[in-house]
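Asks: sequence and predicted structure are below.
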Amino acid sequence: MWRELRRGYLGTVIALMIQFMLGIATNLFVTVPREHPGAHPPEYFTGVAQSVTWAILHGPILLVLHAIVGLLAVILGFRLLVPAIRSHHRPTIVATVIGALAILSAGFNGGSYLNYHEDFSSMLMATFFAIAVTAYAVGLWVLPPPPGSRTTDARSPAPPAGRSL
């Protein structure tokens, strides 16, 4: 279970880093049209669904990749909740919940940017990305050391002093 969590945290952080780089490239090199399906919706969630669908099916390639990796990051974040909850380790659960909710919040702010073209949505997307990465870094740090490891730190007692051979 701990190995699954370590791999999950690492995989999610890598996906978030790829997502971040795609987001920066999209921000610099893509002009999202102000009029597209989902733009200026009367109802937010329907607009986000239409905007993200449009972005994936008809957007410029960087926007397509950014939207797809973002959806995959949401799936990874929430998939990681399963082993975290099974661990019954409160710090791991808290870090994973915060990470998953931050990824989801970043995604909704990305959809909000597509809907309304507000720079504040882009800033919130980056802020929630940073919260997610921080949550997963803390999650890695609070995991118990692997069984049989000889690492000592503030979270584990020092090995007993013994005779050296």
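Replies: That came in fine, so what should we check first? Computed from a predicted model, the values in this text were never measured in an experiment. Numbers count the residues shown, from 1 in each chain.
Asks: and the helices in this structure?
Replies: Per DSSP state H, the chain has helices spanning 2-29, 44-58, 61-79, 81-87, 90-116, 119-142. These are given in chain order.
Asks: same for the second one, what does it pack against?
Replies: Think helix 44-58. Contact here means 3 or more C-beta pairs under 8 Å, 6 or more residues apart in numbering; DSSP states H and E; on that basis helix 44-58 packs against helix 61-79, helix 90-116. (Glycine included, C-beta is placed from N, CA and C.)
Asks: out of the ones you listed, the one nearest residue 46 is which?
Replies: Residue 46 lies closest, by C-beta to C-beta, to one member of those: helix 90-116, at 9.8 Å.
Asks: name the helices or strands packed onto the closest one?
Replies: With contacts defined as 3+ C-beta pairs under 8 Å, 6+ apart, helix 90-116 has these neighbours: helix 2-29, helix 44-58, helix 61-79, helix 81-87, helix 119-142.
Asks: quick one: buried residues of it?
Replies: 91-93, 95-116 (16 or more other C-beta atoms under 10 Å).
Asks: chain center to stretch 119-137: distance?
Replies: Here stretch 119-137 is found 9 Å from its chain centre; the criterion is C-alpha atoms, centre = their mean, to the nearest Å.
Asks: dump the residue contacts of the closest residue to residue 33 other than its chain neighbours.
Replies: The shortest distance from residue 33 to any non-neighbouring residue, by C-beta to C-beta, 6 or more residues apart in numbering, is to residue 39 (7.8 Å). Taking C-beta atoms under 8 Å, 6 or more residues apart in numbering as the contact definition, residue 39 lies against 33, 47, 51, 114, 115, 116.
Asks: any chance of the helices and strands packed on helix 44-58 in JSON lines, plus distance to residue 138?
Replies: Converted to JSON lines, those look like this (distance: least, C-beta to C-beta, whole Å):
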{"stretch": "helix 61-79", "distance to residue 138": "14"}
{"stretch": "helix 90-116", "distance to residue 138": "5"}
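Asks: now the ones you listed in JSON lines, with mean pLDDT and distance to residue 146?
Replies: Supplementary listing: these in JSON lines, determined by pLDDT from 0 to 100; distance: least, C-beta to C-beta, whole Å:
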{"stretch": "helix 61-79", "mean pLDDT": "97", "distance to residue 146": "21"}
{"stretch": "helix 90-116", "mean pLDDT": "96", "distance to residue 146": "14"}
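Asks: now for the residue nearest the centre of the chain: which residues touch it?
Replies: By C-alpha atoms, centre = their mean, the chain has its centre lying nearest to residue 103, at 4.0 Å. For residue 103, the contacting residues are 12, 16, 73, 74, 76, 77, 128, 129, 132, taking C-beta under 8 Å, 6+ apart as the criterion.
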